[in-house]
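> could you work out the structure for the sequence below:
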Amino acid sequence: MLGAAVLGYGAWQAQRRADVWLRVNDHAGRTPQRLWVDVVDARLAIRDAAGRVVAEARLEPPQGLPRWTGPPGEAVDCRPELARDEWQRCFEAQSRWMARWARTAHDAQVTLASGCVVERAPVVRREYGDWWLWWVPLPHVGGTPISHHTLEWHVDSARCASATVP
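Purely as a prediction, here's the structure:
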């Protein structure tokens, strides 16, 4: 009974917190060794199935790490230069914000650094829910459970269009 309660609490916490990893893959850079090139400079307006923008981000070079820029009044962007306690509070707010929309992502307007704008690029969404394998309710062991999401878009910058996922 106690084990079920602990797992239930963990599942509830993981539904309330999320982290999101963004990837844009450019198929115009395909070679015999690579299916695509990782895009590290782009803007994304992520939308739900009804077409509402649920999040906006800018992938910044050189690694393509996201800077969350919208929607205004909702987005939480945790800068690495924040002090540790400030960053922890920011990440707590950011993870709750991401949990509200990560599962609803449907497509995005992808604007590449070249100026190419791909409208309604469909998202390939993956959620990793293996938190129950490692979660222990102690901060120094596992901490608060969180769900992990990868949102991925495939584009062809040469055609300025969505690409088919191989």
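
> CA atoms for contacts and neighbours, from now on please.
Noted.

> wait, is Asp19 part of a strand?
Yes: counting by DSSP: H, G, I helix; E, B strand; the rest coil, Asp19 is part of a strand.

> would you mind measuring from Cys78 to Arg89?
9 Å (Cα to Cα, to the nearest Å).

> which one's more surrounded, the two?
The neighbour comparison of Cys78 against Arg89 (other Cα atoms under 10 Å) goes to Cys78, with 18 against 11.

> name the residues of the longest helix seen in the chain that are buried.
Counting by DSSP state H, the longest helix found in the chain is helix 84-101. By neighbour count with 16 or more other Cα atoms under 10 Å, helix 84-101 contains the buried residues Trp87, Cys90, Phe91, Glu92, Ala93, Gln94, Ser95, Arg96, Trp97, Met98, Ala99, Trp101.

> quick check, nearest of those residues to Asp107?
Set against Asp107, the nearest of the buried residues of helix 84-101 by Cα to Cα is Trp101 (12.3 Å).

> for that closest one, which non-adjacent residue is closest in space?
Residue nearest to Trp101 in three dimensions, not counting chain neighbours: Val54, with 6.2 Å by Cα to Cα, 6 or more residues apart in numbering.

> ok, now which ones touch that neighbour?
Residues in contact with Val54, defined by Cα atoms under 8 Å, 6 or more residues apart in numbering, are Ala45, Ile46, Arg47, Asp48, Pro71, Trp101, Ala105.

> 7 Å - rerun?
Ile46, Arg47, Asp48, Pro71, Trp101 (Cα atoms under 7 Å, 6 or more residues apart in numbering).

> just the helices in this structure please.
Listed in chain order, the helices of the chain (DSSP H) span 2-16, 84-101.

> give the other helices and strands that the longest one contacts.
Under the contact criterion of 3 or more Cα pairs under 7 Å, 6 or more residues apart in numbering; DSSP states H and E, helix 84-101 touches helix 2-16, strand 18-26.

> rewinding a little: and the residue nearest to Trp101, how far is that from Ala105?
Distance check for Val54 against Ala105: by Cα to Cα, it reads 8 Å.

> quick one on the thing from earlier: least reliable of the helices and strands packed on helix 84-101 going by mean pLDDT?
Among the helices and strands packed on helix 84-101, helix 2-16 carries the lowest mean pLDDT, a mean of 59.
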